[in-house]
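In: Got a predicted model here, sequence first, then my questions.
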Amino acid sequence: MIRYFLPIIVSVVFIADSLFVNFFANQSWFHQWILSPKLTLIVLLLATIYINPKKGIQYAFFFGLLYDIVYTDLLGVYMFGMPAICYIVSKLLKVLQTNVVIITILTIVGITLLEFYVYEINSMIGLTHMSMDRFLTYRLYPTLILNLVFVVLLAYPLRKQFEKVAYKLTD
């Protein structure tokens with residue numbers, strides 16, 4: 001049962017991304033901002049950090065492909081972006097400590113890198129005509145604030161659960 005914990009958690013969070021956008025981010029008081037929850041990436045980064053980098057990258061590849069199929073018009077952007085971010089974070093953790101502050105900062109940096117990566121790909125192929133200033137003001141900063149709240153709320157409980165999973169998988 002423990003080996004199914006990570007796929008179930010990531011699947012639930014993947015669905016929660018969509019539910020959040022449909023029920024919360026589309027409300028009238030948020031109409032000027034583009035809020036993009038990255039709960040899936042947050043959970044994948046925490047799994048990469050606390051369970052196993054290899055498993056985190058593999059799940060990031062699969063759920064990145066699923067993210068592309070379900071949410072975007074362009075296949076491959078998230079499929080390669082999410083595992084790359086998980087890989088970069090796993091390598092950075094070899095030189096950094098794994099405390100909550102560092103994990104929070106690395107998760108926000110990972111989300112920032114993914115947002116810039118997706119923006120640049122979309123602007124290179126002409127899917128978006130948003131200027132960099134508009135992107136920063138209306139998409140990146142609100143997205144980072146929203147996801148920072150999610151990281152603060154999810155980091156500690158998921159850390160405890162992922163450490164239990166990692167311990168049981170090593171036995």
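Out: Structure received.
In: Give the buried residues for whichever strand or helix holds Leu19.
Out: Using DSSP states H and E, the element containing Leu19 is helix 5-20. Buried residues in helix 5-20, counted by 16 or more other CB atoms under 10 Å: 5-6, 9-10, 13-14, 17, 20. Where C-beta positions appear, they are placed from N, C-alpha and C, glycine not excepted.
In: Equivalent analysis for stretch 134-148, please.
Out: 135, 139-140, 142-144, 146-148.
In: And the lengthiest helix in the chain, what does it pack against?
Out: If you go by DSSP state H, the chain has its longest helix at helix 141-170. Packing partners of helix 141-170 (3 or more CB pairs under 8 Å, 6 or more residues apart in numbering; DSSP states H and E): helix 5-20, helix 39-50, helix 100-124.
In: Output the shortest one as PDB - backbone C-alpha positions only.
Out: In other words, helix 39-50. Extracted in PDB, the C-alpha atoms of helix 39-50 (Å, rounded to 0.1, in the frame of the first residue of the first chain):
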ATOM      1  CA  LEU A  39       0.300  22.200  -6.500                       C
ATOM      2  CA  THR A  40       1.400  19.300  -8.700                       C
ATOM      3  CA  LEU A  41       4.900  20.700  -9.000                       C
ATOM      4  CA  ILE A  42       5.100  21.600  -5.300                       C
ATOM      5  CA  VAL A  43       4.200  18.000  -4.400                       C
ATOM      6  CA  LEU A  44       6.600  16.600  -7.000                       C
ATOM      7  CA  LEU A  45       9.500  18.800  -5.700                       C
ATOM      8  CA  LEU A  46       8.800  17.700  -2.100                       C
ATOM      9  CA  ALA A  47       8.700  14.100  -3.200                       C
ATOM     10  CA  THR A  48      12.000  14.600  -5.000                       C
ATOM     11  CA  ILE A  49      13.500  16.100  -1.900                       C
ATOM     12  CA  TYR A  50      12.200  13.800   0.800                       C
END
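In: can you list the residues that contact the helix or strand following it?
Out: Using DSSP H and E, the next helix or strand after helix 39-50 towards the C-terminus is helix 53-71. With contact meaning CB atoms under 8 Å, 6 or more residues apart in numbering, helix 53-71 is reached by 6-7, 10, 14, 18, 40-41, 44-45, 47-49, 74-83, 85-87, 90.
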